[in-house]
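A.B. asks: I would like to see how this sequence folds:
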Amino acid sequence: MFSVKSKARALGLALAGACLSVSGAAAAGVVVKSTGPSAGTYPVGKKVADSSTITLRAGDKITVLVDGGTKVMQGPGTFRVGEGATRTRARFARLTRQGASNRARTGAVRGGAKGSAGMPNLWLVNVAASGTTCLYDLENVQLWRPTADEGATYTIAEQGSETKVDVSFVSTEPDRALDPEGLKLADGSTYTITGPSAEGAQSEAVEVKIVALTETYRQPDALAAALAENGCMEQLEALGDIAEAEAS
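C.D. replies: Coordinates of the predicted model:
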């Protein structure tokens, strides 16, 4: 016969095992890059369980951020998501921290045409692309333009308000700080950004919604999930570019 103490200990171990089992089952990676025939099945932002298997066809290439690492899968073949991930490196991990935009600039994470570069880190507001941008610090916002061949002025106006401000980039300057005295971005607000006129034609305006992140995500996969949930897809794709480069 078991004693009361032994039964209690056994029950505690069983509950702990159940918790570990649930935790393991709940672990999920986030797709951050997806190309090929199966891209529609595994779009960027999709969560896939670490314990699941993915079957890819020829031409498929899927990059998933899992707990502590990056899994790059290239078809054809069948892969278990949580196995054989490349461990996260220090430079990659730094991008998940608050204040990353104030750190030393890293290399561009996305190529482009002549005069066009990739975002040097995740925490910049792209003045040339519509979408949602997630930021940690709304007091210190860095604006970024993909083409920096010459000086240019952009007008930023808050929708539903008469507040607006002009921001001038000098010469080949790719990024510039937004003066909070002129315009302070607000969580949940949307801003219309109009660039310089091209050959007499008014530049097409873009709309950018701002989301303030209130939690520090210490693991890249947790950050990827937060970006996906908030619709910050450009940043998520940039994170995927970095993850793939770091895993190669």
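
A.B. asks: who touches the residue nearest to residue 163 when sequence neighbours are not counted in this structure?
C.D. replies: Excluding the flanking residues, the one nearest residue 163 by Cβ to Cβ, 6 or more residues apart in numbering is residue 183, at 6.1 Å. All C-beta atoms are positioned from the backbone trio N, CA, C, and that covers glycine. Contacts of residue 183 were listed using Cβ atoms under 8 Å, 6 or more residues apart in numbering, and they are 156, 158, 163-165.

A.B. asks: can you tell me which helix or strand residue 33 belongs to?
C.D. replies: strand 28-35 (DSSP states H and E).

A.B. asks: Tell me the strands beside that strand, with direction?
C.D. replies: strand 47-49 (antiparallel), strand 61-66 (antiparallel) (DSSP bridges).

A.B. asks: how many other residues sit next to residue 235?
C.D. replies: For residue 235, the count of nearby residues is 27 (other Cβ atoms under 10 Å).

A.B. asks: do you know how far it is from residue 80?
C.D. replies: Distance of residue 235 to residue 80, computed by Cβ to Cβ, to the nearest Å: 28 Å.

A.B. asks: So what touches the strand holding residue 33?
C.D. replies: Residues contacting strand 28-35 (Cβ under 8 Å, 6+ apart): 42-50, 59-67, 71, 81-82, 221, 224-225, 228, 236-237, 239-241, 243-244.

A.B. asks: List only buried entries from those.
C.D. replies: 42, 44-46, 48, 50, 60-66, 71, 81-82, 221, 224-225, 228, 236-237, 239-241, 243-244 (16 or more other Cβ atoms under 10 Å).

A.B. asks: These in helices, which ones?
C.D. replies: Among the buried ones among the contacts of strand 28-35, the subset assigned to helices under DSSP state H consists of 221, 224-225, 228, 236-237, 239-241, 243-244.

A.B. asks: looking at this, residue 154 is in a helix?
C.D. replies: No - counting by DSSP: H, G, I helix; E, B strand; the rest coil, residue 154 is not found in a helix; it is strand.

A.B. asks: For it, list each beta-bridge partner.
C.D. replies: In beta-bridge terms (that is, DSSP bridges), residue 154 pairs with residue 167.

A.B. asks: how much space is there between it and residue 133?
C.D. replies: Taken as Cβ to Cβ, the span from residue 154 to residue 133 is 15 Å.

A.B. asks: More neighbours: the two, which one.
C.D. replies: Taking neighbours as other Cβ under 10 Å, residue 154 and residue 133 compare with residue 133 leading, 23 against 20.

A.B. asks: Go through stretch 181-198 and flag the buried ones.
C.D. replies: Quick answer for stretch 181-198 (16+ other Cβ under 10 Å): 183, 185, 189, 191, 193-195.
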